[in-house]
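Student: Sequence below, structure please.
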Amino acid sequence: MEYKGRELICTEEELQQFIGGLTVMHQVYKFTDKFNGQFIHNPTGNDNARYYVLQVGDRTFLQPHAPFEMGIVPITEENALEYIERHADELTDMVIFEKFAVQPEDSLEVLKKKNSELQIIADELKLRNAAMQDDQLFILEALATEGII
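Tutor: Numbering: from 1, shown residues only. Just a heads-up that it's a prediction; the model follows:
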């Protein structure tokens, strides 16, 4: 199946089941809050800036500034959810592609398998052709022996 322009090696149902079981959690913090017992550096210098922690599946990301923006743009309470949703969508896609996307080596294996199958068919056709030539030769010899040709 195709998902966002990439070929996947799963069905739509398998993909939906995987997405449904994928844990996505987030939490927004002030830089004055500790995370895992540590203060996080505020790279923006903005006193109203926030950072978020986003978990997608078994991966956890700490984001101290706005992703997808040029430079160090602060995350604020007003824009945090927008960035989190976009970030979560992109990370979810990344996890999906890592798990289900057809990889070049998968394509190579598929081509090798098809090549092997075609070689078997070609060998069978060669044997059939040889048998037909033997049959034709036998018929010609029989006709020549009978004086028909």
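
Student: need the strands for this structure, in chain order.
Tutor: Assigned by DSSP state E, the strands in the chain fall at 2-3, 6-7, 24-30, 34-35, 38-39, 50-56, 59-63.

Student: closest one to Lys113 among these?
Tutor: strand 6-7 (16.4 Å; Cβ to Cβ). (Each C-beta comes from the backbone N, C-alpha and C, glycine too.)

Student: Not counting that closest one itself, show me its contacts.
Tutor: When contacts are defined by Cβ atoms under 8 Å, 6 or more residues apart in numbering, strand 6-7 is touched by residues 1, 97, 101-102.

Student: Give the partner strands of that strand in its sheet and their orientations.
Tutor: Strand pairing for strand 6-7, using DSSP bridges, gives strand 2-3 (antiparallel).

Student: what is the rounded mean pLDDT of stretch 51-70?
Tutor: The average pLDDT for stretch 51-70 rounds to 96.
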